[in-house]
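Undergrad: Sharing a model prediction with you, sequence too.
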Amino acid sequence: MKSIINFFKGIAISVSTLVPGVSGGTMAIILGVYDDLIHSIGSFFEDWKKHGLLLLELGLGALAGIVLFAPLIERTINNYPIETGFFFIGVVLGGVPVLYKRAASKGKNVYDYLYLIIGIVIALAMSGKPEAASAMAAAGGSKSIIFLILAGIIISIALILPGISGSFMLLILGLYDVTLNAINTLNIPFLIPLGIGCAIGTIATTKTIERLLNKHPGKTYMLILGFVLGSILPIYPGLPEGISLVYALFSLCFGFLLIFNMGKKFNN
């Protein structure tokens, strides 16, 4: 039964990773599996059977989530940009109570709130949509491969660190649309170097993040919360009018309640 639950948690984490502004790491915290996931990656070779089982369960779910939901997310974003934008904002806000509870429970030093502000500023400073990167990634050749590996390393930090959206990093690097299309069309020459970069970055950064969460949990979770709050403005699609406003607000409330209730269920 636990294996099945972990499989579906993997689906939820991967779907979150596909959504700009929504963090797969944050979803892992909401689902109560983040600490075990980080520890399993960082300590894999110490007990590969035990850690490998959890990673396999979550990994299979993540793969299923990408295959099943990437085309749906691409179509939904293209056809209903306002409604999906507000839904994503609701999802982000729904995870805030869990993150704040974790940050507050790890220490209530007033200086920890400085890290909240730093996280917000960093997330806002990173927002942008460079166009040249898309052309370089799609060009092919050795330069394209090296660029995709480096991009994968950068993205892996966002995949591991809660609060920073992996898809948001793709958006910043100008690679979101081309990557989503590569997943949906199984563009292997594009996906392999990107995946290699993600694997390298994940292995290299996991231990550092685990150490920060163990030694400075209050500050680290406040920084993560800042990343989450700072990601809201870049995904805000603008305020619609008329009946579209009703649909947008409904989408926001639905996204908030969905994640808020998941956080309560898996973190009690």
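TA: Ah, there it is. Keep in mind that this is a model prediction, so the values were computed, not measured.

Undergrad: How far does the helix or strand hosting residue 118 sit from its chain's centre?
TA: Assessed by DSSP states H and E, residue 118 sits inside helix 112-126. Distance of helix 112-126 from its chain centroid, counting by Cα atoms, centre = their mean, to the nearest Å, is 17 Å.

Undergrad: With stretch 11-23 instead?
TA: Stretch 11-23 sits 5 Å away from the centroid of its parent chain (Cα atoms, centre = their mean).

Undergrad: how near is the residue of the chain most remote from its centre to residue 121?
TA: In the chain, the residue that sits farthest from the middle, by Cα atoms, centre = their mean, is residue 242; the gap is 32.1 Å. According to Cβ to Cβ, to the nearest Å, residue 242 and residue 121 sit 35 Å apart. C-beta: built from backbone N, CA, C; applies to glycine.

Undergrad: Surely residue 233 touches residue 121?
TA: No: counting by Cβ atoms under 8 Å, no contact exists between residue 233 and residue 121, whose distance comes to 11.6 Å.

Undergrad: Now do the helices in the stretch 101-250 of the chain.
TA: Assigned helices in the stretch 101-250 of the chain, in chain order: 112-126, 132-139, 142-160, 166-172, 176-184, 188-215, 217-230, 232-235, 243-266 (criterion: DSSP state H, counting those that start in this stretch).

Undergrad: quick one: average pLDDT of the first one?
TA: Averaging pLDDT along helix 112-126 gives 81.

Undergrad: Mind listing residues that contact that helix?
TA: Applying Cβ atoms under 8 Å, 6 or more residues apart in numbering, the external contacts of helix 112-126 come out as 103, 163-164, 168-169, 172, 218-220, 222-231, 233-234.

Undergrad: Drop anything exposed from those residues.
TA: Neighbour-count burial (16 or more other Cβ atoms under 10 Å) applied to the contacts of helix 112-126 gives 103, 163-164, 168-169, 172, 218-220, 222-231, 234.

Undergrad: for the stretch 51-200 of the chain, what are the low-confidence residue spans?
TA: 105-108, 126-140, 163-165, 168, 172 (pLDDT under 70).

Undergrad: In space, what's closest to residue 200 - neighbours in sequence excluded?
TA: Counting by Cβ to Cβ, 6 or more residues apart in numbering, residue 200 lies nearest to residue 153, which is 5.6 Å off, once chain neighbours are set aside.

Undergrad: Could you check how far that neighbour is from residue 173?
TA: For residue 153, the distance to residue 173 equals 11 Å [Cβ to Cβ].

Undergrad: Equivalent analysis for residue 220, please.
TA: Residue 220 sits 24 Å away from residue 173, taking Cβ to Cβ as the criterion.

Undergrad: ok, now residue 91?
TA: From residue 91 to residue 173 the distance is 22 Å (Cβ to Cβ).

Undergrad: More neighbours: which of the two?
TA: Neighbours per residue, other Cβ atoms under 10 Å: of residue 91 and residue 173, the larger number sits with residue 91, 27 against 21.

Undergrad: what angle sits between the helix or strand where that one lies and helix 243-266?
TA: According to DSSP H and E, residue 91 maps onto helix 81-94. Calculated by axes from the mean of the first three to the mean of the last three Cα atoms, to 10 degrees, helix 81-94 forms an angle of 30 degrees with helix 243-266.

Undergrad: Around residue 143, how many other residues sit close by?
TA: Residue 143 has 11 nearby residues by other Cβ under 10 Å.

Undergrad: and the gap between it and residue 193?
TA: Separation of residue 143 from residue 193 (Cβ to Cβ) stands at 11 Å.

Undergrad: Please apply the same query to residue 8.
TA: Counting by Cβ to Cβ, the separation of residue 8 from residue 193 is 30 Å.

Undergrad: okay, the two: which has more neighbours?
TA: Comparing residue 8 with residue 193 by other Cβ under 10 Å, the one with more neighbours is residue 193, at 19 against 15.

Undergrad: How about the contacts made by that one?
TA: 144-146, 148-149, 152.
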